[in-house]
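Visitor: Need the 3D shape of this:
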Amino acid sequence: MRRRIPFIVSLVLVTVLLAGCFKKVRYETAYVLEPWVELTSGGEKVAYQWDTIRCYAFPTDTTDWTVASYQDALDGVVTSLRTGERLAQPMASGEPYRMDGNENWLAMTVSGPSVMIVAVDTYNRLYGFRQQGLGANLSRMYVQMTFRPWKRARTYTDGDWLMFNEFYDPSVELIVRPLLQAEEASAAEPCPGVVTSLFYAEAGAWTVSSYADARAGVITSADGTRRTDPDARGVLMDEGTDQLWLSMWLRPENGAENVVLIAADTVNRLYGFCDLEVSDQKPYVSYAVTFCPWREEYSYRESGWTMRNDRYASASARPQNRYAR
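Guide: Numbering: from 1, shown residues only. Now for the predicted structure:
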């Protein structure tokens with residue numbers, strides 16, 4: 001009997017060890033999403049209200065599946081990249097998860113070693129998705145993400161998230177701030193009676209031949225080609241104020257666009273033009289131009305502008321160089 005006791009003890013130990021080795025592995029996790037918004041580049045991240053954000057989980061992989069549109073993200077639909085099949089039944093949807101005073105978190109129960117997570121910002125109409133690996137026997141996982149509505153792009157990556165702004169508008173507002181320095185020693189003040197126009201054009205290849213052309217919106221190339229239909233004309237901003245700024249809209253192709261900008265002072269019959277490269281990385285750009293009727297010269301350069309006064313040059317004496325004095 002005594003000999004059998006060690007055997008029985010050994011058998012019990014083996015049974016316990018084997019039970020530990022074959023413990024059930026579970027992939028059911030409470031996935032907690034902590035959404036934030038960054039309203040300006042490098043600005044403070046602030047919390048969303050939970051009813052502004054939606055999130056979903058799918059038993060799919062981002063290698064083969066995507067979110068085709070903002071509306072699909074909103075509705076909880078993913079699409080197969082291989083077959084076009086649409087899956088409109090998420091594994092789970094986020095519900096409010098309040099803990100330690102956090103009112104903006106969402107939680108959902110997900111299953112599997114890896115799931116596709118979709119998150120939607122319904123206020124700014126943004127969405128993003130990622131593949132999320134889950135550890136075995138992990139009861140809860142906290143994941144942060146940040147929506148950046150200031151980003152001027154249709155799509156960008158943010159850590160493991162692929163983010164989308166389907167409604168991104170690459171248009172750029174170009175603002176001209178016309179100023180008048182009536183006398184050499186006087187301060188510059190807002191200049192009334194200014195008209196502006198803009199052409200998409202190669203830098204350095206075009207000039208403005210006269211005040212009449214500047215006022216009408218006409219540019220001329222070295223071979224005499226004339227363009228008489230500007231791509232944009234300035235509109236007075238905030239009528240009734242004393243700023244007298246003018247606004248134009250353009251849509252840079254491929255991220256940037258070379259333009260010729262023209263401004264004409266219709267009161268003093270002065271004009272100026274400059275070459276610019278306008279990028280879509282800012283929603284607006286602003287340029288000042290100063291007219292100086294006291295300057296007794298035909299052409300001069302000032303802060304990137306070629307400024308001209310036709311009264312000081314006859315048609316035959318005008319220099320051929322667009323930037324010449």
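Visitor: okay, now residue 165: neighbour count?
Guide: For residue 165, the count of nearby residues is 22 (other C-beta atoms under 10 Å). For the C-beta atoms, the positions are set from N, CA and C on the backbone; glycine is no exception.
Visitor: Please look at it and residue 148 and confirm they touch.
Guide: No - assessed by C-beta atoms under 8 Å, residue 165 is found out of contact with residue 148, at 9.0 Å.
Visitor: Pairing partners for the host helix or strand of residue 249, with directions?
Guide: Per DSSP states H and E: residue 249 is located in strand 246-250. In the sheet, strand 246-250 lines up against strand 172-180 (antiparallel), strand 235-236 (antiparallel) (DSSP bridges).
Visitor: quick one: the strands in the stretch 1-150 of the chain?
Guide: Secondary structure of the stretch 1-150 of the chain (DSSP state E, counting those that start in this stretch): strands at 28-38, 45-47, 53-58, 65-66, 78-80, 86-87, 92-93, 95-96, 106-111, 114-121, 126-133, 140-147.
Visitor: want to throw those into TSV with distance to residue 261, mean neighbour count and mean pLDDT?
Guide: Shown next, in TSV, are the strands of the stretch 1-150 of the chain (distance: least, C-beta to C-beta, whole Å; neighbours: other C-beta atoms under 10 Å; pLDDT from 0 to 100):
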stretch	distance to residue 261	mean neighbour count	mean pLDDT
strand 28-38	33	19	93
strand 45-47	37	12	89
strand 53-58	42	24	96
strand 65-66	41	20	97
strand 78-80	44	19	97
strand 86-87	48	14	97
strand 92-93	51	16	96
strand 95-96	52	12	91
strand 106-111	48	18	94
strand 114-121	36	23	97
strand 126-133	33	20	96
strand 140-147	35	16	94
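Visitor: Redo the ones you listed as TSV? Include distance to residue 216.
Guide: Output for these, formatted as TSV (distance: least, C-beta to C-beta, whole Å):
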stretch	distance to residue 216
strand 28-38	45
strand 45-47	49
strand 53-58	52
strand 65-66	50
strand 78-80	52
strand 86-87	55
strand 92-93	60
strand 95-96	62
strand 106-111	58
strand 114-121	46
strand 126-133	43
strand 140-147	46
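Visitor: between the ones you listed, which gets nearest to residue 190?
Guide: Counting by C-beta to C-beta, residue 190 lies closest to strand 28-38 out of the strands of the stretch 1-150 of the chain; the figure is 35.6 Å.
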